[in-house]
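Undergrad: from the sequence below, what's the structure:
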Amino acid sequence: MKIIIITLILISSSLFSRPKERDDSTWYDKKNIILVAKPVYNYSFTKASSLFGAELGFWNQSRSMKHLSDYLGGDLGLLLNTDNNYYSLYLEAQLANRFLGVSLGVFWDINKEDFNSGIQCTFWANFFIGTYFRVKQSLYFDNAEFSLGLYFAIPVNPDIY
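TA: Reported below is the predicted structural model:
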């Protein structure tokens, strides 16, 4: 839980810094939007289980990297565990450059007998092949879940690179 609080403080402090002047003509330029599809493998240390899934990520990112908005993005992901017949759906906001980032969002773990939701924080690094460390804190249970993941980032609009 301390990791999530520290991450929130760092993100909020950067949000209130005074931005430099920007050219609004490039705010939604197609070349500033990065879209990636990611096949994902996730191993949960807490549950001692593996999950496979997919993630769709996007960023509004210019080559100049002068403004906070150039580092913002998001992820929508779905992970499946066929052994225990449950899935995890999550939605995260990201603060990242092209290679390193931190994400904070909500998750929902669903199976036939149980429902769990909460907040998760993910620290990641990638260049087409990526890895992450994720902490999930449930709204219903006291213990946090720790996991590692591996994925391949496949650009949907490769003209950005």
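
Undergrad: not counting sequence-adjacent ones, nearest residue to residue 93?
TA: residue 74 (5.5 Å; C-beta to C-beta, 6 or more residues apart in numbering). Using the backbone N, CA and C atoms, a C-beta is placed for each residue, glycine as well.

Undergrad: that's a strand at that neighbour, yeah?
TA: Yes. Counting by DSSP: H, G, I helix; E, B strand; the rest coil, residue 74 is found in a strand.

Undergrad: all numbers from here: first residue = 344
TA: New numbering, starting at 344: the last item is residue 417.

Undergrad: who's it bridged to?
TA: With beta bridges defined as DSSP bridges, residue 417 has these partners: residue 401, residue 436.

Undergrad: wait, isn't it in contact with residue 435?
TA: Yes. Residue 417 is within contact range of residue 435, at 6.4 Å (criterion: C-beta atoms under 8 Å).

Undergrad: which one of the two is surrounded by more residues?
TA: Comparing residue 417 with residue 435 by neighbour count (other C-beta atoms under 10 Å), the higher total belongs to residue 435, at 23 against 15.

Undergrad: at the geometric centre of this protein, which residue sits there?
TA: The centre of the chain sits closest to residue 446, judged by C-alpha atoms, centre = their mean, with a distance of 4.3 Å.

Undergrad: report the mean per-residue pLDDT for stretch 396-416.
TA: Average pLDDT, stretch 396-416: 72.

Undergrad: likewise stretch 430-444?
TA: For stretch 430-444, mean pLDDT is 87.

Undergrad: kindly export that stretch (C-alpha atoms) in PDB.
TA: Provided in PDB are the C-alpha atoms of stretch 430-444 (Å, rounded to 0.1, in the frame of the first residue of the first chain):
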ATOM      1  CA  TYR A 430     -10.200 -13.900 -15.200                       C
ATOM      2  CA  SER A 431      -8.800 -10.500 -14.300                       C
ATOM      3  CA  LEU A 432      -9.900  -7.300 -16.100                       C
ATOM      4  CA  TYR A 433      -8.000  -4.000 -15.500                       C
ATOM      5  CA  LEU A 434      -7.900  -0.400 -16.600                       C
ATOM      6  CA  GLU A 435      -4.900   1.700 -15.900                       C
ATOM      7  CA  ALA A 436      -3.700   5.300 -16.400                       C
ATOM      8  CA  GLN A 437       0.000   5.600 -17.300                       C
ATOM      9  CA  LEU A 438       2.800   8.100 -16.900                       C
ATOM     10  CA  ALA A 439       5.600   6.900 -19.200                       C
ATOM     11  CA  ASN A 440       8.200   7.600 -21.800                       C
ATOM     12  CA  ARG A 441       8.600   5.000 -24.500                       C
ATOM     13  CA  PHE A 442      10.700   2.600 -22.500                       C
ATOM     14  CA  LEU A 443       9.800   3.000 -18.700                       C
ATOM     15  CA  GLY A 444       6.600   3.700 -17.000                       C
END
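
Undergrad: appreciated, that's everything.
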